[in-house]
Each structure stands twice: as C-alpha cells, then as structure tokens.
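Novice: Using only what follows, build the 3D model:
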Amino acid sequence: MIAAFAGIFACQLLGEFIVRAFALPLPGPVLGMFLLFAALVLRAAKGARAVPPALAGAADGLLGHLSLLFVPASVGLMRYLDVLEANALTFLVAVIVSTILAQGATALTFRLLSRSNA
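Specialist: Sure, this is the predicted structure:
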C-alpha cells in the first residue's frame, strides 16, 4: 500500500513540476491525475491488469475519507462570507446557468452516443 501511495504522490509531484516548469495554466495535481491515468492505460495496453490491487486498495481508502477534504474548502467559504453575501445573486445565477448547461450537454452527449451504438 505504501508503494501505491508513493506512486500516486509521484504522479502529483511530476504534474506539479511540469506545470511550474512550463508555466501551464493548470493545477499540478490535475496534470498528475492525467499522468496516472495515462500510466494505467499504457499498463492495460500491454495486457496487464489495468489497476494493480495495491493501487485499488489505496484509492478505496482515500475515497472512503473524501468528505474530510471538503472541510478546508468550507472553512475558506466561511472566511469570505461577506464577499459571498455581496455577490449572492451573481453566484446564484452562475450556479443555475452552469447546472442547466451541464445537464443539456450531458443529455446531448447521451443522445449522440446512443444513436451511434444503435
């Protein structure tokens, strides 16, 4: 399990290094996640099991405690409550519009994919 966590953190570190080295407008951990995904795809292409059991166990452990990662974000929101109150209407409109657009894009994608499989 330690090796699995080391692999996850190595991908995150590599992503952070690439983002800082090339001044990319992307969070390092996101690039690290893509690097991990690419490594798993290459592993599966070679005929090996896509996700090693140790990595699956480590990922399940992290996902089991995912709700704890929202605590710092919630505390940050409470720190800027005055900014949220001043821009409440803007935030509300943005959330509603983005939700409608995301649902519409999902529905269109589903329709296109269901036609191609039929």
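
Novice: Just checking the distance from the helix or strand bottoming out on mean pLDDT in the chain to the centre of its chain.
Specialist: Ranked by mean pLDDT, DSSP states H and E, the helix or strand of the chain with the weakest confidence is helix 70-79, at a mean of 85. With CA atoms, centre = their mean, to the nearest Å as the basis, the distance from the averaged C-alpha position of helix 70-79 to the chain average is 18 Å.

Novice: what is the mean pLDDT for the helix or strand that Ala107 is a member of?
Specialist: For Ala107, the enclosing helix or strand under DSSP states H and E is helix 88-117. Regarding helix 88-117, the rounded mean pLDDT is 93.

Novice: Not counting its neighbours along the chain, what's nearest the residue sitting nearest the centre point of the chain?
Specialist: Per CA atoms, centre = their mean, the C-alpha nearest to the average position across the chain is that of Val30, at 6.3 Å. Distances taken as CB to CB, 6 or more residues apart in numbering put Gly15 closest to Val30, at 7.0 Å, once the chain neighbours are dropped. Backbone N, C-alpha and C define where each C-beta goes, glycine included.

Novice: so what's that neighbour up against?
Specialist: Contact analysis of Gly15 by CB atoms under 8 Å, 6 or more residues apart in numbering lists Gly28, Pro29, Val30, Leu31, Gly32, Met33, Phe34, Leu35.

Novice: Please give the element, helix or strand, for it.
Specialist: Following DSSP H and E, one finds Gly15 within helix 2-22.

Novice: and after that helix, which helix or strand comes next?
Specialist: Counting by DSSP H and E, the element that comes right after helix 2-22 along the chain is helix 28-45.

Novice: Burial check on Glu16, number of neighbours?
Specialist: Neighbour count for Glu16, taken as other CB atoms under 10 Å: 15.

Novice: And the pLDDT for the nearest residue to it once chain neighbours are set aside?
Specialist: Closest residue to Glu16 in three dimensions, ignoring its sequence neighbours and counting by CB to CB, 6+ apart: Gly28, at 3.1 Å. Reading off the confidence values, Gly28 has pLDDT 93.
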